[in-house]
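> Need a 3D model of the sequence below.
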Amino acid sequence: MELFKNIRQKIGKAILTNKLAKTKRKVFYSNIDTVKKIGIVWDASRSDEFASLTRFHQKMNEHNIEVKVLGYFPGRELPDKYTAIRYLTCIKKQELNFFYNPVSSESDSFIHNRFDILIDVNFKKLFPLHYISSLSNAALKVGLFEAETKDTPFDLMMEIKSPVDVDIYLNHVLQYLEMINAGTVKQNNN
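Residues are numbered from 1 along each chain as shown. Below you'll find the predicted structure:
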């Protein structure tokens, strides 16, 4: 059964590679003061991290920065604390196609949204979230440094010791984004 799952996921990765080859994206970031919208992809099975994301959302809200979180929850029913929160949307296993690619309107909307920054909080490297991060139209994508990965979707990578604490990770992201203030970074990327 595991072999069949691996084959399906390999085909899903091939589909993603094909879509990425046809996608053009312009990387842009000037400084933290110009940021208006942040998107976060998150492994929603890690409910212990939810409080960290809530604190981050509140902190950004104080600076008039809109934050949208798209989580992937592998179970059938979302935990009660995830429902009725305007800034959080979760996709479930039923919203993936046969090859583990997200097919919900929420994931499509998130991918096409032009966030100023996309922050990847997908530390287990779940494929549905990797798919969304890779295809995201965000101006700047931030994620964890991965030495073994040759095709990363990230423009800025953080190297943090495992296990990664979400509060520390998000604070590092903000610190680095605040340091990039010396001018405008522009780059054409796919």
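
> can you list contacts of the lengthiest helix in the chain?
The residue-count maximum for a helix in the chain (DSSP state H) belongs to helix 2-21. Outside of helix 2-21, the residues within contact range by Cβ atoms under 8 Å, 6 or more residues apart in numbering are 97-101, 127, 130-131, 134-135, 151, 190. In this view, the C-beta of every residue, glycine as well, is placed from N, C-alpha and C.

> Just the buried ones out of the residues you listed, please.
99-101, 127, 130-131, 134-135 (16 or more other Cβ atoms under 10 Å).

> Among the residues you listed, which ones are in strands?
Judged by DSSP state E, the buried ones among the contacts of helix 2-21 include no members of strands.

> Let's have those in TSV, adding distance to L144 and pLDDT.
TSV is the format used below for these (distance: Cβ to Cβ, whole Å; pLDDT from 0 to 100):
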residue	distance to L144	pLDDT
F99	24	94
Y100	21	93
N101	22	95
F127	16	94
H130	12	94
Y131	17	95
S134	14	94
L135	18	96
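
> Pick out whichever of those sits closest to P163.
H130 (19.2 Å; Cβ to Cβ).

> wait, that closest one sits on P153?
Yes. Between H130 and P153 there is a contact under Cβ atoms under 8 Å: 7.5 Å.

> At which residues are the strands of this structure located?
25-29, 37-43, 66-73, 88-92, 117-121, 141-144, 156-158, 185-189.

> Packing partners of the shortest one?
Using 3 or more Cβ pairs under 8 Å, 6 or more residues apart in numbering; DSSP states H and E as the contact definition, the elements that strand 156-158 packs against are strand 141-144, helix 166-179.

> try the fourth one
Contact here means 3+ Cβ pairs under 8 Å, 6+ apart; on that basis strand 88-92 packs against strand 66-73, helix 105-112.

> Please identify the deepest-packed of these.
strand 66-73 (a mean of 22; mean count of other Cβ atoms under 10 Å).

> ok, the residue nearest to E146 when sequence neighbours are not counted - how many residues close by?
Once flanking residues are discounted, E146 sits nearest to T152: 6.3 Å by Cβ to Cβ, 6 or more residues apart in numbering. By other Cβ atoms under 10 Å, 16 other residues sit near T152.

> Does T152 touch G143 like I think?
Yes. The pair T152 / G143 is scored as a contact, 7.1 Å apart, by Cβ under 8 Å.

> before we move on, the earlier item: so for the longest helix of the chain, mean pLDDT?
Across helix 2-21, pLDDT averages out at 87.

> swap in stretch 140-147?
Mean predicted lDDT for stretch 140-147 stands at 88.

> Show me what counts as buried in it.
So stretch 140-147, judged by 16+ other Cβ under 10 Å, has buried residues 140-144.

> can you give me how far that stretch is from the chain middle?
From the chain centre to the centre of stretch 140-147 is a distance of 10 Å (Cα atoms, centre = their mean, to the nearest Å).
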